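K.L.:
Any chance you can model this:
(one chain, ligands or ions: 1)
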Amino acid sequence: MEIRVFAPASVANIGVGYDILGFALESPGDEVVARFSDGKGMSIGQITGTNRLPFSPEKNTATFSAQALLNFLGKSEIGIELDIHKKMPFGSGLGSSAASAVAGVFAVNTLLGNPLTKKELLHFAVLGEQLADGSYHADNVAPSLLGGIILIRENATLDITSLPIPDDLVAAVIYPEVEVLTRDSRNILKPDISLQKCIAQTGNLASFIAGLYRSDYELIGRSLTDHVIEPQRAVLIPHFYEIKNMALKMDALGCSISGAGPSIFALFKGETAAQKGGMAMKNIFEVHGIPATLYTGKINQGGAVVLS
Ligand code: HSE
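P.N.:
I've put the predicted structure just below:
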């Protein structure tokens with residue numbers, strides 16, 4: 001018996017919620033196949049789509065998370081092999097390590113007959129994310145696993161809330177072929193912010209959430225300004241402000257860095273606006289000689305799913 005699952009990419013931070021907000025995309029994402037094996041514990045059969053992920057089970061986010069799950073379930077004697085099909089770019093700001101960790105735990109839980117709920121799997125997938133970037137945060141993992149737009153009150157306790165999704169909200173995400181490692185992108189951040197910035201950021205965060213509850217696109221747009229993280233990280237992404245200005249000119253509600261970068265996301269009202277705006281943003285990277293990929297779509301509401 002084999003189980004094949006899909007776990008989507010995600011946009012963490014959404015500009016105003018560093019480490020505490022994220023949404024899932026319809027695509028891209030990772031696929032993982034799980035099957036019982038003769039050995040003991042987690043192992044990796046094959047990895048496709050990249051040659052940069054470790055085969056050693058304790059170093060790979062998918063098997064590391066799944067092994068933690070097996071240990072918790074008291075099933076560490078069981079052997080399970082994963083094939084990892086990486087279908088999204090690595091070091092992209094699209095939650096690549098989170099998608100692998102989610103797919104790993106979700107596939108193994110499904111193979112074992114669903115002993116835990118999706119929500120109960122969250123901790124194990126976050127352990128995989130922590131392996132990748134050294135920090136225990138669920139802003140990519142939670143939306144990838146559960147779908148939707150997720151707010152995290154506190155990462156340590158994984159106290160999370162699913163936020164409402166206005167019907168016409170559509171994301172455009174541009175991935176430029178420039179690598180930014182999350183660990184590096186976290187290390188450049190100053191540890192403190194001023195009271196003035198705290199007030200501006202919390203006002204925007206709270207109003208963004210109110211905008212989602214009220215499907216108030218104008219309030220969402222007015223609130224999508226990051227006073228804290230984007231000004232520090234923009235230097236890591238070539239032509240960031242040129243692209244952001246283009247997004248706003250193309251009627252984006254807001255635009256900022258996706259996760260730790262280098263991908264850039266913009267939110268639009270309606271599919272047509274997102275397609276046109278996304279193309280204009282992508283074009284700027286290409287004019288500057290940087291190949292880029294555009295993903296557009298509504299927020300993924302299902303999260304990780306079993307394919308077969
Ligand atoms: N919140 C994280 C960051 C997301 O911005 O560093 C990337 O893992």
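K.L.:
so what's the residue lying closest to residue 36 once chain neighbours are set aside up against?
P.N.:
What sits nearest to residue 36 in space, not counting adjacent residues and going by CB to CB, 6 or more residues apart in numbering, is residue 80, at 6.0 Å. Every residue, glycine included, has its C-beta placed from N, CA and C. Shown in contact with residue 80 (CB atoms under 8 Å, 6 or more residues apart in numbering): 34-37, 41-43, 66, 70, 108, 111.
K.L.:
For residue 80, give me phi and psi.
P.N.:
Here is the backbone geometry of residue 80 (degrees, to the nearest 10): phi -140, psi 130.
K.L.:
near the ligand, which residues of the protein?
P.N.:
When proximity is defined as CB under 6 Å from any ligand atom, the chain approaches the ligand at 12-13, 18-19, 133, 137, 139-140, 182, 185-186, 259-260.
K.L.:
Contacts only, for the nearest residue to residue 185 once chain neighbours are set aside.
P.N.:
With CB to CB, 6+ apart as the criterion, residue 185 has its nearest non-adjacent residue at 3.7 Å, and that residue is residue 260. Residue 260 is in contact with 12, 93, 133, 180-182, 185-186, 233, counting by CB under 8 Å, 6+ apart.
K.L.:
One more pass at 10 Å, please.
P.N.:
12-13, 18, 91-93, 95, 133, 140, 180-186, 188-189, 229, 233, 236 (CB atoms under 10 Å, 6 or more residues apart in numbering).
K.L.:
That one belongs to a helix, doesn't it?
P.N.:
No. The assignment for residue 260 by DSSP: H, G, I helix; E, B strand; the rest coil gives coil, which leaves it out of any helix.
K.L.:
Where is the longest strand in this structure?
P.N.:
If you go by DSSP state E, the chain has its longest strand at strand 21-37.
K.L.:
contacts for the helix or strand just after it?
P.N.:
Using DSSP states H and E, the helix or strand that follows strand 21-37 in sequence is strand 41-48. Applying CB under 10 Å, 6+ apart, the contact partners of strand 41-48 are 31, 33-35, 37, 53-58, 60, 62-71, 75-87, 100, 104, 108.
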